[in-house]
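>>> Need coordinates for the below:
(chains A and B)
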Number of protein chains: 2
Amino acid sequence: MKKDLVEPRTLPGFMELLPQDQIELDNIRNLIENSYKKFGFLPIDTPIIEDSNVLLAKAGGETEKQIYRFAKGDNDLSLRFDLTVPLAKYVAKNYGVLSFPFRRYQIGKVYRAERPQKGRYREFYQCDIDVIGDGELAISNDAEMPSIIYQIFSKLNFGKFTIRINNRKLLGGFFESLGLEDKIEPVLRIVDKLDKIGKENVEELLADEKIEKEKIDRILDFVASKENPIEYLDKLNIQNETFMNGLSEIKEVSKYMVAFGVPKDYFRIDLSIARGLDYYTGTVFETIIDAYPNLGSVCSGGRYDNLAEYYTDKKLPGVGISIGLTRLYYVLKEYKLLGEQINSSISKAIILPMSEDLSYSIKVATMLRDMNINTEIYFEGKAFKKKLNYANKQNIPYAIIIGEDEEKANTITIKNMITGEQSNIELSQLNRELFL
Amino acid sequence: MKKDLVEPRTLPGFMELLPQDQIELDNIRNLIENSYKKFGFLPIDTPIIEDSNVLLAKAGGETEKQIYRFAKGDNDLSLRFDLTVPLAKYVAKNYGVLSFPFRRYQIGKVYRAERPQKGRYREFYQCDIDVIGDGELAISNDAEMPSIIYQIFSKLNFGKFTIRINNRKLLGGFFESLGLEDKIEPVLRIVDKLDKIGKENVEELLADEKIEKEKIDRILDFVASKENPIEYLDKLNIQNETFMNGLSEIKEVSKYMVAFGVPKDYFRIDLSIARGLDYYTGTVFETIIDAYPNLGSVCSGGRYDNLAEYYTDKKLPGVGISIGLTRLYYVLKEYKLLGEQINSSISKAIILPMSEDLSYSIKVATMLRDMNINTEIYFEGKAFKKKLNYANKQNIPYAIIIGEDEEKANTITIKNMITGEQSNIELSQLNRELFL
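Numbering: from 1, shown residues only, chains lettered A, B, ... in the order given. Down below sits the predicted model:
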């Protein structure tokens, strides 16, 4: 009797790729990971499941609603929703044995039960780096972060992008000097609508916040895009300590970004960005794909004063960035910004045995693997055309045909699957260069 | 007012390593992944969360009790407990667009709420490869699997190991020939205790199963370790079709394992192993560390007739192996079997700037990174001794000291952190070989 089948479906909001696409995503992931390592970041790998009391020590509001939280036995468990809270836990827990500044990277899946919609995922990879200081942390670290973003994104080769930087102390100090330090958040939210609703409407909304006309003019002047922001800030001559600190910091960050080799047209001081007002305290970054500014930031981060205040009395300032790999891959794919992947196969060569005994084919495969050439053997007893068809579909660039003639003569026949060219070579002539 | 702190703890049964150990685990993971790629397996990455109806289409008994299952909104969700069920779902779902034989690898975390105990984890990495045929699959694939195990474990260099192989058809056919095909499982369970409880007790237990004395003798003879198992099986001359199929298969697998370069003392036909009676139907493997046979198998697998029968009518035979990376790492660490990791640092060089302006230091770091040398800069303004101490703790092999003298002369001072040797070189002489 035939049993009932279950439909093999994957939950909505969960990315599950076909192998060809998975290879592309893995290539991006590897590029990111290798770049993080190139700057000397250390790997950590925290659990996906944490005790809810630990994970949610700080969380609240929107985030908490999106958390996958459940009981198992007596345990109240939650899936991590970012890699920052687990880092805070990790550093507080291992404070005594870590070396500071602690430079760590982590690449892993995080979970948020967002409303499912195109390009939004409930399970997604974050690729984070952070540098955590013990009590203090030099500002030069803040310049390294955007430089790493530049390294990665210029190699991804998806076109022109701009790293926008700002410093929360500039915003804080400026608004303090206007006596508006409590209104930074609503003001910036209103100002952000400038392009959409126009200057007059923005002025009206700001007036609704009970801000005087003269201050509104100064705010609009401050957040406007400008040719030379540092010069502008100097000229403001605001004698507020927070502001002056912020100015000195952003000058140092800009200077060292140039030293790190970030071209001047790839970064811009933008006094209108704030990013997570409750978290960042100094430098903030975001990264915009120039051709698609409306997609929002594809890599953001910044400086914070205190990583782990919910877990420890130690003051642990840090600076970090996060790349949302799953979202980034979706965007690059959707907007056809992924560089031409001429060869997205894993195998560089496939052996097609034409005789019954496979020993010679296996020997050739082993030789290739020992030369670091990824090689597979087509073991199935199918027609030659079917075998070639399989190799073609997998984008494998070289097929190696081994029949009884080849085996007797100790040769192999190599077929270039792109040009169709075919040549017979002595086994002793086999070398890595043939497959590059 | 000081707020209450939450203790930054990690749940029991969840592995969370310090960076030095994480580097070791990652090295093992990369070795496994690169080996899988070298044999042409394609990556897939299925979600950790699945619909419970899909994930548990087959499960039952002990497994189901260990599953993390929970509701979110209207959804009944479960965390995957292995990578095989998600593979079955994936192949059934994408049957029309995959090329067969479908060779996939997946490395990812799986979840089982086992009773916490030393060396048992609730979250652990599995590293799986499987080859799935469409309707049929050549037996030579079964020989490739243990050959990949051999490649990986010999490179891990943890000492002598033995891949035990058997074929379920031999067991099935032999027990059929005795009229005991329904008793394979209890009989093998009893026989497995031979070393512990002795021959007489085993005979008694088998008699309790209502097996006649003459059959008991034949069973004990069959499962006993032997010099030449193939010769023994040939001589039995059992005219049972299942048995004869199994014999022909194990002969082919043995022959090609030799062709794949597995030394004869690294594998052994062991007629007493069965592994997962409800699942495997042909070849079965397990891998034992010779010095620690009681640790059990560190890599197992086998041949199955039908991967995805709960999701599709298509017949999808396959063969696969799984390495439990988390458990393997635990065992290698616990028994001090990890090869000497002379250098387990990420950074090969650390720049120690001794002057205030960092631009020259940043320039040198960029040059090194462009040569593919992982390099970090110590940005903090600490005493020289503290800087060296940090480099030492991180096992970074080379420190590059850059003071005003070096900058003026366009040189760097390189200190070998192991020998203590120090030399000053022109920047134009900087090259990769200095750091190898």
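>>> Contact residues of the stretch 51-200 of chain A facing chain B?
Within the stretch 51-200 of chain A, the positions near chain B by C-beta under 8 Å from any C-beta of the partner chain are A:51, A:53-54, A:57, A:68, A:70-73, A:75, A:77, A:88-90, A:92-94, A:97-99, A:101, A:103-104, A:109, A:111, A:113, A:122-123, A:133, A:136-138, A:140-141, A:144. (Glycine included, C-beta is placed from N, CA and C.)
>>> whoops, I mixed them up, the stretch 251-400 of chain A
Near chain B, when you scan the stretch 251-400 of chain A using C-beta under 8 Å from any C-beta, you find A:255-256, A:259-261, A:308, A:310-313, A:346-347, A:350, A:358-359, A:362-363, A:366, A:369, A:372, A:374-377, A:379-381, A:390, A:393-394, A:396.
>>> where does whichever residue of the stretch 1-150 of chain A sits closest to chain B fall, helix, sheet strand or coil?
Closest residue of the stretch 1-150 of chain A to chain B, C-beta to the nearest C-beta: residue A:40 (2.7 Å). Assigned with DSSP: H, G, I helix; E, B strand; the rest coil, residue A:40 falls in the coil class.
>>> and the closest residue to it other than its chain neighbours, what is it in contact with?
Sequence neighbours aside, residue B:376 is the residue nearest to residue A:40 in space, at 2.7 Å (criterion: C-beta to C-beta, 6 or more residues apart in numbering or on different chains). By C-beta atoms under 8 Å, 6 or more residues apart in numbering or on different chains, the contact list for residue B:376 reads A:39, A:40, A:41, A:103, B:347, B:349, B:350, B:351, B:365, B:396.
>>> what's in contact with the helix or strand of chain A with the lowest mean pLDDT?
Each helix and strand of chain A was given a mean pLDDT (mean pLDDT, DSSP states H and E); the minimum falls on helix A:62-65 at a mean of 77. With contact meaning C-beta under 8 Å, 6+ apart, helix A:62-65 is reached by A:56, A:81, A:112, A:113.
>>> after that helix comes which helix or strand?
Per DSSP states H and E, the first helix or strand lying C-terminal to helix A:62-65 is strand A:69-72.
>>> Name the next helix or strand following that next one along the chain.
strand A:75-79.
>>> pLDDT on that following strand, on average?
Regarding strand A:75-79, the rounded mean pLDDT is 96.
>>> How far off centre is it?
26 Å (C-alpha atoms, centre = their mean, to the nearest Å).
>>> Any buried residues in it, and which?
A:77, A:78, A:79 (16 or more other C-beta atoms under 10 Å in any protein chain shown).
>>> now what about it, what contacts it?
Outside strand A:75-79, the residues that reach it (C-beta under 8 Å, 6+ apart) are A:48-53, A:55-56, A:67-71, A:110-111, B:11, B:68.
>>> Separate out the buried members of those residues.
Buried among the contacts of strand A:75-79 (16+ other C-beta under 10 Å): A:48-52, A:55-56, A:67-70, A:110-111, B:11, B:68.
>>> so which pair among these is furthest apart in space?
Based on C-beta to C-beta, the longest span within the buried ones among the contacts of strand A:75-79 runs between A:56 and B:68 and measures 17.9 Å.
>>> and stretch A:412-422, which residues are buried?
Buried, per 16+ other C-beta under 10 Å, within stretch A:412-422: A:412, A:413, A:414, A:415, A:417.
>>> ok, residue A:26 - contacts?
residue B:43.
>>> Pull the helix or strand encompassing it out as PDB, backbone CA atoms only.
Residue A:26 is part of helix A:19-38, with elements assigned from DSSP H and E. Below are the C-alpha coordinates for helix A:19-38, written out as PDB (Å, rounded to 0.1, in the frame of the first residue of the first chain):
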ATOM      1  CA  PRO A  19      24.500  24.400  -5.300                       C
ATOM      2  CA  GLN A  20      25.600  26.800  -8.000                       C
ATOM      3  CA  ASP A  21      24.300  29.700  -6.000                       C
ATOM      4  CA  GLN A  22      25.600  28.300  -2.800                       C
ATOM      5  CA  ILE A  23      29.100  28.300  -4.300                       C
ATOM      6  CA  GLU A  24      28.700  32.000  -5.100                       C
ATOM      7  CA  LEU A  25      27.600  32.800  -1.500                       C
ATOM      8  CA  ASP A  26      30.400  30.700  -0.100                       C
ATOM      9  CA  ASN A  27      32.900  32.500  -2.200                       C
ATOM     10  CA  ILE A  28      31.700  35.800  -0.800                       C
ATOM     11  CA  ARG A  29      31.800  34.400   2.700                       C
ATOM     12  CA  ASN A  30      35.300  33.200   2.300                       C
ATOM     13  CA  LEU A  31      36.400  36.500   0.900                       C
ATOM     14  CA  ILE A  32      35.000  38.200   4.000                       C
ATOM     15  CA  GLU A  33      36.500  35.700   6.400                       C
ATOM     16  CA  ASN A  34      39.900  35.800   4.700                       C
ATOM     17  CA  SER A  35      39.900  39.600   4.900                       C
ATOM     18  CA  TYR A  36      39.000  39.600   8.600                       C
ATOM     19  CA  LYS A  37      41.900  37.100   9.200                       C
ATOM     20  CA  LYS A  38      44.200  39.300   7.100                       C
END
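>>> Could you point out the helix or strand that follows that helix?
strand A:42-43.
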